[in-house]
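In: kindly generate the corresponding structure for this input.
(3 chains)
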Amino acid sequence: MHALYAVLVAPFVDMATSPRFLVEVLFGGVAAGLMYSLVALGFVLIFKASGIFNFAQGVMVLFAALTLVGFMERGVPVALALLLTVAVMVALAFAIERLVLRHLINQEHIILFMATIGLTFFLEGFGEMLWGSNVKRLDVGIPDRSFMVAGVQVNKLELTAALTSGALVAVLAVLSQRTRIGRALRAVADDHQAALSVGIPLKTIWTIVWSVSGIVAIVAGIMWGAKSGVQFSLSLIALKALPVLILGGFTSVPGAVVGGLIIGVGEKVAEVYWGPLMGGAIENWFAYVLALAFLLVRPQGLFGETIIERV
Amino acid sequence: MIYREAGQFKTSYASDQAIFPIAQDRWLVVLAVVAAFVVPPLVASEYWLQAILIPFLIYSLAAIGLNLLTGYAGQLSLGTGGFMAVGAYAAFKLTTAFPQVSILLVFVASGVIAAGVGLVFGVPSLRIKGFYLAVATLAAQFFLVWLFNRVPWFSNFASSGTITAPPRRVFGVMVTGPAATAQVRYLVMLGLVTVFALAAKNLVRGRVGRSWMAIRDRDIAAEIIGIRPLRTKLLAFAISSFYCGVAGAALVFLYYGSAETLAFDVNLSFLVLFMVIIGGLGSILGSFLGAAFIVLVPILLTRAPRLVGINMPIDTQKQLELMIFGGLILFFLIVEPRGLARLWQITKEKLRLWPFPH
Amino acid sequence: MSEAAPSAPLLLVDGISVRFGAVQALERVSLEVRAGEIVAIIGPNGAGKTTMLNVISGFYHPYEGRILFGEKDRTRLHAHEVAALGIARTFQNVALFKGMSVLDNIMTGRLLKMRSNFLLDAVYWGPARREELSHRAAVERIIDFLEIEAIRKTPAGRLPYGLQKRVELARALAAEPRLLLLDEPMAGMNVEEKEDMCRSILDVNEEFGTTIALVEHDMSVVMDISDRVVVLDYGRKIADGKPAEVRTDRAVVDAYLGVSHD
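Out: Residues are numbered from 1 along each chain as shown, chains lettered A, B, ... in the order given. Prediction:
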């Protein structure tokens, strides 16, 4: 009886009795969620354009952050460092297309997915070899300090991260829906060969997409890195982005946002209000179990297309 | 000229269905198995047994498990570490609760428990396919590791979920625990692997293997022929988890001696997946080859530079290791997606023709 | 086969309708197939022929109408349950298991008849082994019948198209079905291959008494081997009768020549 009360009633009572704390938790969840969305966005872009499930997105975030910090540690001013990092990520995109993707064009999805896993390990080792493997501080000039808004504590860094992510997502959403490039991307995602036959340059598109993805990775890397330091565990975020993709669908930009928010908020709320009951750290698996539960009800996610199987 | 099938006519279906239809293959394997039982305990150093042969056997068993699920049945799983953890912790609880039961029986029982858990997490596979299923298995991975970490009952209230293998004897010989010699542990593991690998080979060449491969290749057509998808997939999850569970128990009881949940985290899942990809999806031999590969590469990386006179710091070794793993995965996927096992097959085909070019 | 009274059909499709979103694939179509017959289902592209086969195999379920097999209603059954009743089929785009050999592919056709459990399989001794060998013998008889001995160990993915279709037929036959559904068995074949396939289909019908329903485009084949012909157009049945009658039917000629409908 007591256990039932503790699980079903007490947490909500807690929420109601300190609403300001609840708002803080929610905000923290939204901020985290938006950052997940950023990473998921990188996935979605590449999947939309090539059907490849880029597991290496997480390590691209790490690599971008490592590169940026690496430049800055060597005394390069922030703005120039950013530009150089962008250049590096674009070069990386070229290299990936040339050395890996081109040779795997006709393979099944699972092979491509495993190739991106291989890429992940390679880039992880390579990045650490280039820039060193100790935890680094990433200072982008925004203090990690909190201030009060209407009695609620708001963290300046998280706020900036949330706003930037939101802006980036909006820009990308508009780009993909309205512009010519966006239409070409959607054609390529649908059918490689058909797209080729109407003259869409597959290789250029792929390079563009991986570059944009790389830039998204830089932003994500900065946001995460500024908050928790640039370290190897950043690439574990890729794994966290998977539940986001499940909820939001693999090909939907708005879906990545909604999915990220649901996961971010859900995780935080679960951890704060139900975590103590179960010994804590339920953040480790909550997102996955949530995604799993979702899949059982709606196998294509919130925004995915209904699958019609043909024989 | 030596590796020929000429003159080996099969006069019955039985001989055609044998595991090793070519006589030379049969002899080779029998010799290899006998040698494996006899030679290393007599000749190999403690280091070789402890650092190379025993982990090789354990990883091979886990790789066979994953190969059955992902390579034969086509269900991508990233939860191998979690299922191995189930086997390890189940074995621990069973043997501490019933110390008089033979440790071999405990291994089998913990495999069965792991199979049960695998069944539960395999249920979503009817509705969910491909990458989505991989995420579901990740749920299993993270949840199970968290469970063993946070619920102290599983580790008999030790700190941070650490479990230690208590000393156990089989027929009077010390098999687990600090007093067990590497030779004994090696032989026990070899016995287990021989039995289970044979069972796996029998499974995959018969009815079960065919229904798995049918689901893998064309699940809709398979269903229309009459294969029951849920039953087939669940069987794959259960049997695969059994193998992984036994491997997990062996990991703690016959190799590490004691372990905490960190030993079974998602990196282990990826490691076993690499073994299966590099060794060859859908091949029992491939599981062995992949495991051997993954065990040997780090050893080579630590030994080779010193042999050539370069002193490489540990950090760089780890980084190189990652780069080489990643690079090799890419290499295999581009050049020979069917892995080392396929390369071996091609070699055999060339051998058959030798010395003729074609 | 003896449970059906002499005059009752083996398969009765009664007023089936199937819709995919806004597309009406089949609209109140009825047809029947008697035991031992060869019935051809023809019609212009998009008429719903493959959908019809898919409904009969239990892969799609109609939103109205019913299907009786051997006089029992089995409209709601799933694909693998339908297979267990004795209905086997081949597919328009050959659905062989590319990773397996021809022999293994055909052996999967026998799966429904295999009883052994997996533990005995793992040991491969005693009952499991005996069962495996007896099924192998049955499969070899079919391989003999269709004259594909030479390719039995070849991986199915490596075969030329015509041979793949033959292997698919073998796999369907391995299940010893009461009703065999063939989806465009002649597609993509040259004259020689078509003659071989025709011969095989007729042999199956004569020697094993298997009832056959096939979807086909090649008119000469259809006229040659079928006992009855059913014509579909835009999801509706427009003709049903002996080949000679159907060939001269006004509605059929119109459908093929493309006279506009409303």
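In: strands of the stretch 101-250 of chain C, start to end?
Out: In the stretch 101-250 of chain C, the segments counted as strands under DSSP state E, counting those that start in this stretch are C:179-183, C:211-215, C:228-233, C:236-241.
In: now for the third one, which elements pack on it?
Out: Here strand C:228-233 touches strand C:23-33, strand C:38-42, strand C:236-241, helix C:243-248, helix C:250-257, going by 3 or more Cβ pairs under 8 Å, 6 or more residues apart in numbering or on different chains; DSSP states H and E. Any C-beta I mention is one placed from the backbone N, CA and C, and that applies to glycine too.
In: and the nearest residue to B:V272 once chain neighbours are set aside, how close does it get to B:F196?
Out: Counting by Cβ to Cβ, 6 or more residues apart in numbering or on different chains, B:T80 is the residue found nearest to B:V272 once chain neighbours are left out, at 4.6 Å. B:T80 sits 16 Å away from B:F196, going by Cβ to Cβ, to the nearest Å.
In: and what of B:K318?
Out: Separation of B:K318 from B:F196 (Cβ to Cβ) stands at 32 Å.
In: so how far is stretch C:81-98 off the chain centroid?
Out: Its chain's C-alpha centre and that of stretch C:81-98 lie 7 Å apart, by Cα atoms, centre = their mean, to the nearest Å.
In: contacting residues around C:V191?
Out: By Cβ atoms under 8 Å, 6 or more residues apart in numbering or on different chains, C:V191 lies in contact with nothing.
In: just the pLDDT for it.
Out: Looking at C:V191, its pLDDT stands at 87.
In: also A:Q177?
Out: In this model, A:Q177 is scored at 66, pLDDT.
In: ok, which of the strands of the stretch 101-250 of chain C comes nearest B:K93?
Out: Closest approach to B:K93 among the strands of the stretch 101-250 of chain C is made by strand C:179-183 (53.4 Å; Cβ to Cβ).
In: between the closest one and strand C:38-42, how many degrees?
Out: Angle, strand C:179-183 to strand C:38-42, by axes from the mean of the first three to the mean of the last three Cα atoms, to 10 degrees: 30 degrees.
In: if you count contacts, what does strand C:179-183 end up packed against?
Out: helix C:49-56, strand C:87-89, helix C:161-174, strand C:211-215.
In: tally up the residues packed near the residue lying closest to B:L281 once chain neighbours are set aside, please.
Out: Nearest non-adjacent residue to B:L281, counting by Cβ to Cβ, 6+ apart: B:G71, 3.7 Å away. Using other Cβ atoms under 10 Å in any protein chain shown, the number of residues around B:G71 comes to 29.
In: quick check: B:G71 vs chain A, distance?
Out: To chain A, B:G71 is 11 Å away according to Cβ to the nearest Cβ, to the nearest Å.
In: for that residue, helix, strand, or coil?
Out: When classified by DSSP: H, G, I helix; E, B strand; the rest coil, B:G71 comes out as helix.
In: isn't C:F118 right next to B:L235, touching?
Out: Yes: assessed by Cβ atoms under 8 Å, C:F118 is found in contact with B:L235 at 6.3 Å.
In: return the per-residue confidence for the residue of the stretch 251-358 of chain B found nearest chain C.
Out: In the stretch 251-358 of chain B, the residue that lies nearest chain C is B:G282 (6.8 Å; Cβ to the nearest Cβ). Per-residue confidence at B:G282 stands at 88 (pLDDT).
In: how about B:P21?
Out: 66.
In: over to C:L163?
Out: Model confidence at C:L163, given as pLDDT, is 89.
In: residue contacts, B:P298?
Out: Each residue near B:P298 by Cβ under 8 Å, 6+ apart is listed here: B:317, B:321.
In: again, only this time at 10 Å
Out: Neighbouring residues of B:P298 by Cβ atoms under 10 Å, 6 or more residues apart in numbering or on different chains: B:51, B:317-318, B:320-321, B:324-325.
In: ok, which of those residues also contact chain A?
Out: Among those, the ones lying close to chain A by the criterion of Cβ under 10 Å from any Cβ of the partner chain are B:318, B:320-321, B:324-325.
In: in helices, which of these fall?
Out: With helices defined by DSSP state H, the entries of the ones next to chain A among the contacts of B:P298 inside them are B:318, B:320-321, B:324-325.
In: return the closest of the residues you listed with respect to B:K350.
Out: For those, the residue nearest B:K350 by Cβ to Cβ is B:I324; the value is 26.9 Å.
In: leaving out the residues flanking it, which one is nearest to the closest one?
Out: Nearest non-adjacent residue to B:I324, counting by Cβ to Cβ, 6+ apart: B:V297, 6.3 Å away.
In: hmm, B:G326 and the one you found touching each other?
Out: No: judged on Cβ atoms under 10 Å, B:V297 makes no contact with B:G326 at a distance of 11.8 Å.
In: what about stretch A:113-130 and chain C, touching?
Out: No: counting by Cβ under 10 Å from any Cβ, chain C is not contacted by stretch A:113-130; separation bottoms out at 16.8 Å.
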